[in-house]
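Novice: Next input, structure requested:
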Amino acid sequence: LHCNKKPYASQRYVVAARAALLQKARDEENLMRRLATMAAASHALRLGPVALRPAQVALETPLSVVIRDLRPVLPGHVVVAPKRRVERYAELTEAEGDDLAAAIRAAQQLTPAADAFNVALKDGTSAGQPVAHVHAHVVPRVKGDLAHNDEIYGLIDGWTPLDACGAPVTLDVPDDAARKPRSAEDMAAEAARYRRRGDPFPEPSNVTFGPFAVDASQVFFESGTCRALVNLKPLVAGHVLVVPKAVVPTLGEMDEELHRDLWRAARRVHAMITEEYGATGANVAVQDGIAAGQSVPHAHVHVLPRR
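Specialist: Numbering: from 1, shown residues only. Reported below is the predicted structural model:
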């Protein structure tokens with residue numbers, strides 16, 4: 001009898017040891033889950049005060065996030081924002097600015113069947129920015145999706161990620177035919193004022209905007225691949241255009257280097273123009289394709305100071 005007790009005691013020990021190991025494994029698993037939850041909470045992606053659900057993250061780049069299903073104004077509408085909560089466009093680092101541009105490019109590629117895109121960034125409350133976090137709208141467009149193409153501006157002006165963001169700040173966009181062209185002398189004088197805020201550059205030659213020849217006196221900024229022009233029919237004082245030197249019809253037809261350079265130039269011009277006018281905000285926008293309202297087949301970024 002004494003010999004039979006030893007195996008029984010040994011079996012009880014083995015069972016107890018297994019139970020302890022299982023409990024330890026469960027405790028470690030629960031701890032890892034808690035740590036993962038805490039880490040996720042500390043690194044949760046947000047747009048201003050709005051926490052994003054995982055299903056709302058369409059894609060991530062190293063420094064930016066593309067957000068879907070956040071009160072879209074049209075099918076496929078996404079919002080692109082830096083992961084770091086930065087209030088103003090000028091506060092982005094160069095790396096963040098480049099990455100935001102790359103994320104905008106990637107966001108457009110999410111809807112390859114679109115005929116065109118409206119890209120719009122409302123910088124500052126005077127431009128209608130609804131939350132204190134830089135973000136750009138990328139809205140796919142299909143020919144005939146709106147009864148009047150310019151309705152898109154009101155839809156974007158009225159967009160907010162929250163119920164209580166105050167009354168929208170709008171920008172009146174009259175038909176092109178209702179906007180009077182300015183004289184060449186007025187445009188040259190305006191460009192000369194802006195030129196003083198930038199680096200000097202050689203007098204440009206063969207300046208074109210789509211099929212149109214542009215007088216060199218109307219150019220006030222140049223980089224290796226892009227330039228900025230004063231506007232023939234500005235919507236507000238200081239409304240200017242940033243264009244690639246090469247005539248490329250849309251953003252999607254640019255290579256990655258030119259796309260990055262265009263947005264770098266736009267950020268530089270944004271800083272020059274907002275400083276010139278003491279502006280508290282700015283609209284930065286692209287009508288990328290005819291269905292988005294583009295009237296000249298040469299990709300260009302609009303920069304409009306707002307006060």
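Novice: Excluding sequence neighbours, find me the nearest residue to H133.
Specialist: The shortest distance from H133 to any residue other than its chain neighbours is 4.0 Å, reached at G48 (Cβ to Cβ, 6 or more residues apart in numbering). Heads up, the C-betas are built off the backbone N, CA and C, glycines and all.
Novice: how far away is that neighbour from Q129?
Specialist: Distance, G48 to Q129, using Cβ to Cβ, to the nearest Å: 10 Å.
Novice: Also A246?
Specialist: In terms of Cβ to Cβ, A246 sits 32 Å off from Q129.
Novice: between these two, which one's more packed in?
Specialist: Q129 (24 against 12; other Cβ atoms under 10 Å).
Novice: any idea what the more buried one is structurally, helix, strand or coil?
Specialist: Classification of Q129 using DSSP: H, G, I helix; E, B strand; the rest coil returns coil.
Novice: Can you give me every residue that contacts it?
Specialist: K122, D123, H135, G281 (Cβ atoms under 8 Å, 6 or more residues apart in numbering).
Novice: Check the gap between it and V284 for me.
Specialist: 11 Å.
Novice: Flag every buried residue along stretch 93-105.
Specialist: Within stretch 93-105, the residues that count as buried by 16 or more other Cβ atoms under 10 Å are E96, G97, D98, D99, L100, A101, A102, A103, I104, R105.
Novice: Alpha carbons of that stretch, in PDB - could you do that?
Specialist: Taking Å, rounded to 0.1, in the frame of the first residue of the first chain, the C-alpha atoms of stretch 93-105 are listed here in PDB:
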ATOM      1  CA  THR A  93       8.200  70.200 -40.300                       C
ATOM      2  CA  GLU A  94       9.600  69.700 -43.800                       C
ATOM      3  CA  ALA A  95       9.400  65.900 -43.200                       C
ATOM      4  CA  GLU A  96       5.700  66.200 -42.100                       C
ATOM      5  CA  GLY A  97       4.900  68.500 -45.100                       C
ATOM      6  CA  ASP A  98       6.500  66.100 -47.500                       C
ATOM      7  CA  ASP A  99       4.700  63.100 -45.900                       C
ATOM      8  CA  LEU A 100       1.400  64.900 -45.900                       C
ATOM      9  CA  ALA A 101       1.800  65.500 -49.700                       C
ATOM     10  CA  ALA A 102       2.700  61.800 -50.200                       C
ATOM     11  CA  ALA A 103      -0.400  60.800 -48.200                       C
ATOM     12  CA  ILE A 104      -2.600  63.100 -50.400                       C
ATOM     13  CA  ARG A 105      -1.200  61.300 -53.400                       C
END
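Novice: and it, average pLDDT?
Specialist: On average, the pLDDT along stretch 93-105 is 98.
Novice: where's that stretch relative to the chain centroid, distance-wise?
Specialist: Put simply, stretch 93-105 sits 8 Å off its chain's centre (Cα atoms, centre = their mean, to the nearest Å).
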